[in-house]
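1. Here's my sequence, what's the structure:
(chains A and B)
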Amino acid sequence: MSKRIVVDPVTRIEGHLRVEADIENGKIVDAYSSGTMVRLLEEILRGRDPRDAWAFVGRVCGVCTSTHSLTSVRCVEDALGIEVPPNAELVRNLMHCVLYMHDHVVHFYHLHAMDWVDVVAALKADPKKTSELAQSISKWPKSSPGYFADIQTRIQKFVESGQLGIFANGYWGHPAYKLPAEVNLIGLAHYLEALDWQKEIVKVQAIFGGKNPHPNYLVGGMACSINLDDVSGINAERLAYIHQLLKQGKEFINQVYIPDLMAIASFYKDWGAIGGGLGNYLVYGDLPTKGYRDTASYKFPSGAILNKDISKVYEVDLRKEDEVQEFITNSWYDYEGEGGKAKGLHPWKGESKINYTGPKPPFEHLDTSKEYSYLKTPRWKGNAMEVGPLARVLVGYAKGVEEYKAIVDKTLKDLDVPVAALFSTLGRTAARGLEAVLAADWALEFYDSLIANIKAGDTRMAEMSKFDPATWPKEALGVGHAEAPRGALAHWINIKDEKIANYQLVVPTTWNASPRDAKGQMSAYEAALIDTPVHDETQPLEIIRTIHSFDPCMACSVHLYDEDGKTISRVSVVGD
Amino acid sequence: MKDPKNKILILGIGNYLMGDEGIGVHLAERLALEVLPEGVDVVDGGTGGFHLLEYFESYPNVILIDATLDTNPVGTIRKIKPKFSMDFPQAMSTHDIGMKDLVNALQILGTMPVIDLFVVSIESIQQQGIILTPEIEAIIPLLKDKVKELMHELLVTEKVLN
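-> Just a heads-up that it's a prediction; the model follows:
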């Protein structure tokens, strides 16, 4: 007899994801993922000036904010045939790398670490032993016995008071927590340090983007002016400050994040065989070094992998109508015209007409035999695909890019696990860390290139010759893509008579969290949950681990139901 | 970052694309157009989450404005003085997780400012669009007055303290 598990949005929480799954003999045997909230950004954008779209899409979420703006200016530039100057490309890349550094560290320590680190057990650690261990894995200076003892004292107070949700709501003591007390304490100490660290690195976004959150972008380039001697623009002093922030950021990633990730992972190697799911991976690519159109110049190479076969990487073309398509078989939408609900639409022809047929909230269960989500179901050549750090690392590795080869092989060797361990929850979490290392290195490369350009006298930051709508064609199609920290993101635009006629976003969480397609193929979340063990259904820590490993752009709650469909437990899953 | 020497930050948060849920951002936008006394900054915090940590750490007083879904009539304005994340209204807007995490972080770091939170009760967060409903638009003058009244009180207190 299986039990139904529900990962619920509980309306009012950002993102609104719900997963219903069945457990049998301690393992998940079936799962359904549902987006229960709709954000019809497409409707807000229709009829507006395409040059303003970045400002609206940047508001869609507080985490991916700059990624959506970047993707938006790219799609408008693509439609209008605008090539941004090298400095604008470098500044965009720099800001994007900084977003990666910030997002991946915050995800690891503040949204995912407590799935592996037992806070309460950390309080029992011996500070002296913790200090010895910390010094054996890293040269990070904050590692004295006194430092760790102080952390314990501070946290003890909060745990006792019960006033802090983050420390009050865990499954502390769950047998799936496997770390020695000292590793738990190191993880906890760095959870706190990362809080302070993250507010420094985001200053790079604020300096180049004028403000943060929601930094400024510009169709044609960037809105910041560079003049080494100007007090108000990006001058020598600010650039030096950025350099310092980037170096400090890299230091933290290499000396804190990675040693912690490796130490923690070494106790959870069994998770190298759990949560793999689809085995199909999709990457649009990002960080161009010779222009957006020159995909061969990308630091994040594009491509698709099918059935875990890394001997072959397929080309991806977002313009081809038979590659990326969105289906609505199980979604609360209608398509007009011939084919109706059964057809798949390329986003240039995409429609967003809602037709909600689900139960009236609040409800206990969705009827998963019918439509069950506000997410459409994107497919690449008919295949369900996983997007995100693991997809990017696998494509880079499979394409034999040296930087990826080196870092992946070293990690596999250090952990003493086979390549196959990458296709897992652990692989996803590890890939995110490796990307942070690469992003930190690349940020410094981009910084050096920017300085070299400026010193050579090139201070151009925007290409404005096609900014005036009078220069535009009557109709133009464009596609902008980016690799958001949590996966492949693209916007498709149709500009008609100087206005937005259609604008479609296909976001990473739609790839990963969408409902099944007409053939019954699961998307990434559903597939990854299959066979996930659940030791104690009142404390479904394992489900949270796998869901969090995707870095879902949402917060959700897990509800557990017994055979009669009653809630037997309710668990907050905090995400972003 | 605004001027960290200033004493009061008025921070509106919310999702600008989701109708009334964006009330905090709308108010910040409008206050930013006014001439405010020395010592006061206004920031549109959007759906910032952790990105806002330093704003909270840079000011001794933060006046926060946000939407809430509760059982009160639409347009009800309440002032709360939250000290812990659990003091925030249960269903505060669509970004409550980010806000609560932020307050947790400030607590742990020991850098929590004095926060006064104005919450406005809204009907639904399923609205799409950047325009406020007439009910919420109508309470903006009152909300603005309340925020400014508190701002003046805090300025006087701050001067006494100094």
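2. How about residue A:550, nearest residue that isn't a chain neighbour?
-> Excluding the flanking residues, the one nearest residue A:550 by Cβ to Cβ, 6 or more residues apart in numbering or on different chains is residue A:512, at 5.4 Å. For every residue, glycine as well, the C-beta is placed using N, CA and C.
3. Counting neighbours, what do you get for the closest residue to residue A:495 other than its chain neighbours?
-> Leaving aside its chain neighbours, residue A:495 sits nearest to residue A:476 (4.6 Å; criterion: Cβ to Cβ, 6+ apart). Neighbourhood size, residue A:476 [other Cβ atoms under 10 Å in any protein chain shown]: 17.
4. mind checking which helix or strand residue A:476 is in?
-> strand A:475-484 (DSSP states H and E).
5. Could you check how far the residue in the stretch 401-550 of chain A positioned nearest to chain B is from residue A:350?
-> Using Cβ to the nearest Cβ, the closest approach of the stretch 401-550 of chain A to chain B is made by residue A:505 at 12.0 Å. Per Cβ to Cβ, to the nearest Å, residue A:505 is found 9 Å from residue A:350.
6. now the strands for chain B?
-> Secondary structure of chain B (DSSP state E): strands located at B:8-13, B:40-46, B:61-68, B:77-80, B:114-121.
7. Same list (those) but as TSV, adding distance to residue A:230.
-> Below are the strands of chain B laid out as TSV (distance: least, Cβ to Cβ, whole Å):
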stretch	distance to residue A:230
strand B:8-13	28
strand B:40-46	24
strand B:61-68	32
strand B:77-80	43
strand B:114-121	37
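8. about what we covered before: residues in contact with the residue nearest to residue A:550?
-> Neighbouring residues of residue A:512 by Cβ atoms under 8 Å, 6 or more residues apart in numbering or on different chains: A:386-388, A:486-487, A:523-525, A:550, A:552.
9. pLDDT below threshold where in chain A?
-> For chain A, the stretches with pLDDT under 70 are A:1, A:4-17, A:36-40, A:61-64, A:163-169, A:361-362, A:553-576.
10. for it, what's the longest helix?
-> Longest among the helix segments of chain A by residue count, using DSSP state H, is helix A:425-455.
11. Could you pull out the buried residues of that one?
-> Neighbour-count burial for helix A:425-455 flags A:425-447, A:449-451, A:453-454 (criterion: 16 or more other Cβ atoms under 10 Å in any protein chain shown).
12. same thing with stretch A:229-249?
-> A:234-235, A:238-239, A:242-243, A:245-246, A:249.
13. from the middle of its chain, how far away would it be?
-> Here stretch A:229-249 is found 28 Å from its chain centre; the criterion is Cα atoms, centre = their mean, to the nearest Å.
14. Would it count as contacting chain B?
-> No: in terms of Cβ under 8 Å from any Cβ of the partner chain, no part of stretch A:229-249 sits within range of chain B; the closest distance is 12.3 Å.
15. quick one: secondary structure of the closest residue to chain B within the stretch 151-300 of chain A?
-> Going by Cβ to the nearest Cβ, chain B is nearest to residue A:213 of the stretch 151-300 of chain A, at 3.8 Å. Put simply, residue A:213 is coil when judged by DSSP: H, G, I helix; E, B strand; the rest coil.
16. Can you get me a residue count around it?
-> Using other Cβ under 10 Å, residue A:213 is surrounded by 27 other residues.
17. And the nearest residue to residue A:465 once chain neighbours are set aside, how far from residue A:492?
-> Nearest residue to residue A:465, sequence neighbours excluded (Cβ to Cβ, 6+ apart): residue A:471, at 7.3 Å. Counting by Cβ to Cβ, the gap from residue A:471 to residue A:492 is 22 Å.
18. close enough to count as contact, residue A:83 and residue A:465?
-> No: Residue A:83 is beyond contact range of residue A:465, at 10.3 Å (criterion: Cβ atoms under 8 Å).
19. Those two: which is more packed in?
-> Under the neighbour definition other Cβ under 10 Å, residue A:83 and residue A:465 were set side by side, and residue A:83 has more, 16 against 9.
20. In what element of secondary structure is the more buried one found?
-> Residue A:83 is part of no helix or strand, with elements assigned from DSSP H and E.
21. Repeat that for residue A:245.
-> According to DSSP H and E, residue A:245 maps onto helix A:236-252.
22. what about residue A:44, distance to residue B:47?
-> In this view, residue A:44 and residue B:47 are 15 Å apart by Cβ to Cβ.
23. what's the neighbour count on residue A:535?
-> If you count neighbours by other Cβ under 10 Å, residue A:535 ends up with 12.
24. now residue B:80
-> If you count neighbours by other Cβ under 10 Å, residue B:80 ends up with 16.
25. where's the residue nearest to residue A:182 when sequence neighbours are not counted, which helix or strand?
-> Once flanking residues are discounted, residue A:182 sits nearest to residue A:130: 4.2 Å by Cβ to Cβ, 6+ apart. Assessed by DSSP H and E, residue A:130 sits inside helix A:127-137.
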